[in-house]
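In: Mind looking at a prediction? Sequence and model below.
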Amino acid sequence: MSPADLHQGHRERILQTVASSCPAEQDETRAPVCPPGSGFRISPKVAKPEGPDEPAPSEPPTQSRFAMLDDVRLLANGLLQLGHSLRDFVHKTKGQIKDIFQKLTTFDRSFSQLSEVTSEIREKEEELKKTTTFLQANNQEIKSLSLEISSKMNSILQERTQLQSKVGSLEEKLSGLSQSLPNAQQLGDIAQFKEVISAQEKSITALLKEVKGQHEQLNFQRNKIKVLEERLNSEAFQETEDKVSNSTPEVSSLEYLAMNSTNSSVDMNDLPEDCSHAFTRGERNSGVYPIKPNQSEPFYVYCQMTADGGFTVIQNRQDGSVDFDQTWEEYENGFGNLEKEFWLGLKKIYAIASQGSSVLQIELEDWKQGRHSFEYNFTLEGPASHYMLSLTQVSGDLPDAMTNLTASFSTKDRNNKEDSSCTHNFTGGWWFNACEGTNLNGRYGHARPRGRTERRRGIYWRPGGGNTYSLKSSKILICSLTNDGSFF
């Protein structure tokens, strides 16, 4: 509605109000009831005299001189009310516009939040698509594995059927043999003979146990005597004299085993094949254990038990207390103390290594307590090939000095290398590949007063064409592998 229409309607309402306040019909002889200044003037009627019908003199109609002023006032009043109405309308419109802007702002915020939520939903949708693709791939792998398992199950069922048929045939053979069994008297005689033979076997087994135990004790005591003699003749005797005088006597091998083994009794006929086998039997403490490899007599070894498995230690050097410049016979049979410095012996090492796949691990420690390790795949041949060793490195954190080594074992009294000067240059028995190579069984150097300590003591790790590393200790270990190439 336009302002002109508002003004016209407002003016009409004012006129109607004024008209309703004044009576339409009034007494002719009375003065008008409408108050002065209302904008209307009503003239009183003049009574006609009774008489003949004479035309009354016509009076000209009088027009109020205040009519225009009243209209102006009425118009002004209407305009004033119109102005108030317009002002109220403007204020109301401003409030509505303000509310509209607030709603628009709220809408913008909601739209922005909705956009963010939409983008997040899209990202999650992409992630779900990727996850779905990954799960589909895994599902395919699972299906393939399921097919493989089902095929293996079928083959197992077939083998089971074959075994059942074989068992059936064996049962038939047994039933046929049972019909031709000897009589009761013959069975009694056979049972008596079996008892006699069993008693003799038990007595022989007991005697063998005692003999083997005494033999092991004698070997252990002999090794201890050799170690003491070597200490007396070595250059380090003065350094270890106080320690030897204050040390307590060492226990025998069987006493040590009884104290450190998880079993209270030791059965020499039921011994593990190596330290890995002992680990699978539940042994978790490092120490001296008796083992019996295949086709070998039982002997004692030092087992280093770790979380990965049991490792058989074949060489350990830590302070130079044992002289490793020994003869071929000593290196073949072994020497030293299993709980300190020792060489296990080539015969025993070959007996352990010939049982199956195994790895050779070398652990080194320098004079700054830095520890290093190497791991090799290896093969060791027997005495006919002078215990030839072949190495292939698997891992290591120092420059390797034994990569692709293939060499026979040599000592000072038996040189199996073309260059006859290697054993004289290095001392100690080793698989000499080149005269400038590494020898972990070589002389253990002791520092001189005026020399550089780090370069004049310990064992030397000398990679070909590289720097020479001075080492405080070395340890060589063997661990058997399972069929899948992992440790026991």
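Out: It's in. Numbering: from 1, shown residues only.
In: When you work out contacts or count neighbours from here on, use the C-alpha atoms and nothing else.
Out: Will do.
In: helix, strand or coil for Val359?
Out: Here Val359 is strand, with the state taken from DSSP: H, G, I helix; E, B strand; the rest coil.
In: Pull out the buried positions in stretch 345-363.
Out: Buried residues in stretch 345-363, defined by neighbour count with 16 or more other Cα atoms under 10 Å: 345-354, 358-363.
In: From one end of that stretch to the other, what's the distance?
Out: Stretch 345-363 has an end-to-end distance of 19 Å (Cα to Cα, to the nearest Å).
In: residues in contact with it?
Out: With contact meaning Cα atoms under 8 Å, 6 or more residues apart in numbering, stretch 345-363 is reached by 273-274, 293-296, 314, 330-335, 371-383, 387, 474-482.
In: Let me know the secondary structure of Val117.
Out: Val117 ends up helix, using three-state DSSP.
In: Please report how far it lies from Ile362.
Out: According to Cα to Cα, Val117 stands 59 Å off from Ile362.
In: Ala206 now?
Out: According to Cα to Cα, Ala206 and Ile362 sit 39 Å apart.
In: What of Gly213?
Out: For Gly213 relative to Ile362 (Cα to Cα), the value is 31 Å.
In: ok, how many other residues are close to Ile311?
Out: Let me fix one detail, which is that residue 311 is Phe and not Ile. Neighbours of Phe311 under the rule other Cα atoms under 10 Å: 28.
In: pLDDT-wise, which helix or strand of this protein ranks last?
Out: None of the helices or strands of the chain scores lower by mean pLDDT, DSSP states H and E than helix 253-260, at a mean of 41.
In: Heading C-terminal from that one, find the next helix or strand.
Out: Downstream of helix 253-260, the next assigned helix or strand under DSSP states H and E is helix 275-280.
In: What is the neighbour count of Leu80?
Out: Neighbour count for Leu80, taken as other Cα under 10 Å: 12.
In: Please enumerate the strands of this structure.
Out: 287-291, 299-305, 310-317, 335-336, 342-343, 358-366, 371-380, 389-396, 406-407, 409-410, 430-431, 459-461, 469-480 (DSSP state E).
In: Just say which of those strands is most tucked in.
Out: Of all these, strand 335-336 has the most neighbours on average by mean count of other Cα atoms under 10 Å, namely a mean of 26.
In: Show me what that one packs onto, helices and strands only.
Out: Of the remaining helices and strands, those touching strand 335-336 by 3 or more Cα pairs under 8 Å, 6 or more residues apart in numbering; DSSP states H and E are helix 184-233, strand 342-343.
In: Give the pairing partners of it; include direction for each.
Out: strand 342-343 (antiparallel) (DSSP bridges).
In: what does the partner strand contact?
Out: The contact list for strand 342-343 (Cα under 8 Å, 6+ apart) reads Ile314, Gln315, Asn316, Arg317, Val322, Tyr331, Gly334, Phe335, Gly336.
In: distance of Leu128 from Gln295?
Out: From Leu128 to Gln295 the distance is 61 Å (Cα to Cα).
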